[in-house]
Structure formats: C-alpha cells, structure tokens
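# make a model of this:
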Amino acid sequence: MAENNSNVNDTGAKNPAFDIIRLYVKDLSLETPNTPDIFRKEWKPETKLDIDVKHRSIDEPNHVYEVVLRITATVAIGEDTAFLAEVNQAGIFHIENFPENQLNHMLNAFIPGILFPYARELVSDLSNRASFPPLNLAPINFDAIYAQRLQQQAQQAQAPAEEK
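Numbers count the residues shown, from 1 in each chain. Presented below is the predicted three-dimensional model:
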C-alpha cells in the first residue's frame, strides 16, 4: 500500500507549507504625557510612525517562527506629545520548504502584512480609549519596504567593493 504524503509533490520534492499557529499581543503601551492640558488645544495633530519587524526561530526542527511587528505612533500638537502608542503584535507560524529568499520575504513582508490589521486596530482603540479621535493608520505596503531594504543592503555591500 502506497503512503500518501501530501507534503511531497510528483517530483519527490517537498511542497512548501505555511500555517498560522497563533496571533497575539506581545506588548502594548499608551502614554499621554501632556494630559489634561493637551485637550484644550485645537486638534491638528502631526503623526510620526515607526515600524519594525523582528523574527526568530522558536522550534528549528519543526520550522516554527515567531514574528513581531512593532508599531510606535507618536501624535503631537506642535511641540507637545498628545499620545504615544506602541503595539507589538506577534504571531507564531509554521513555515517549511521555502527557498531562503522566499522565507526571508515571508518573515519580513508577507507575515507583517498579516499582523498589520490587528496592530492597526489596537492603535486606533488605544487612541480612542485615551479620549482622542481614533488614529486610523493607512495600509502599509510591506513588500515595497522589504524590496527597498534589499536594495539598500545591496548598495551598502557594493560600496565597500567600489572603494578598493
């Protein structure tokens, strides 16, 4: 009787596998350093957004990774910070049988795209709970950010070679 292994294709190569194991909030914070005085100012905020992605293998033999998307939103009126919201939205993912470049893309672009809507909702909820209008973050093209980072790394690698 032949064994049916759905993870192996007709050529005998292993098929790529991707599964979301768990999504969760790893860290969440809100600071409102200038309340209540900030509420008396006209609401014409400037928003600064910092985004970072970290990932690590948490179960090497089983190809399990943790990916953390950190979003820090700083909203200010003039020189005064209205609020600072930091969200670390994380997930645990099974990623197997992908070539190295595709694995890197998944960890740095594809998965952050999965995590972003959850982080976006938390930022909006935090600002609203602090009695500010909801901060609705625009969609982010993580593929473009990843491509830009690869291009910068290639240029940096090329620069020392050109100096020789």
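# can you show me the strands along the chain?
Using DSSP state E, the strands of the chain run over 17-31, 46-59, 64-77, 80-96.
# which residues are contacting stretch 112-119?
With contact meaning C-beta atoms under 8 Å, 6 or more residues apart in numbering, stretch 112-119 is reached by 20, 23, 25, 53, 67, 69, 71, 87, 89-91, 139-140, 142-143. In short, each C-beta sits where N, CA and C put it, glycine included.
# let's see that with 7 Å instead.
L23, V53, V67, L69, I71, V87, Q89, G91, I140, F142 (C-beta atoms under 7 Å, 6 or more residues apart in numbering).
# hang on, the earlier thing: possible to save the strands of the chain as TSV with distance to S131?
Listed next are the strands of the chain as TSV, based on distance: least, C-beta to C-beta, whole Å:
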stretch	distance to S131
strand 17-31	11
strand 46-59	17
strand 64-77	13
strand 80-96	9
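# adding mean pLDDT, write those out as CSV.
Shown next, in CSV, are the strands of the chain (pLDDT from 0 to 100):
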stretch, mean pLDDT
strand 17-31, 98
strand 46-59, 97
strand 64-77, 98
strand 80-96, 98
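# now mean neighbour count and distance to I38 too, for the ones you listed, in TSV please.
Shown next, in TSV, are those (neighbours: other C-beta atoms under 10 Å; distance: least, C-beta to C-beta, whole Å):
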stretch	mean neighbour count	distance to I38
strand 17-31	13	12
strand 46-59	13	13
strand 64-77	20	6
strand 80-96	20	5
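# quick one: closest of the ones you listed to A109.
The closest of the strands of the chain to A109 is strand 46-59. By C-beta to C-beta, the value is 8.4 Å.
# which strands and helices sit next to that closest one?
Applying 3 or more C-beta pairs under 7 Å, 6 or more residues apart in numbering; DSSP states H and E, one finds that strand 46-59 contacts strand 64-77.
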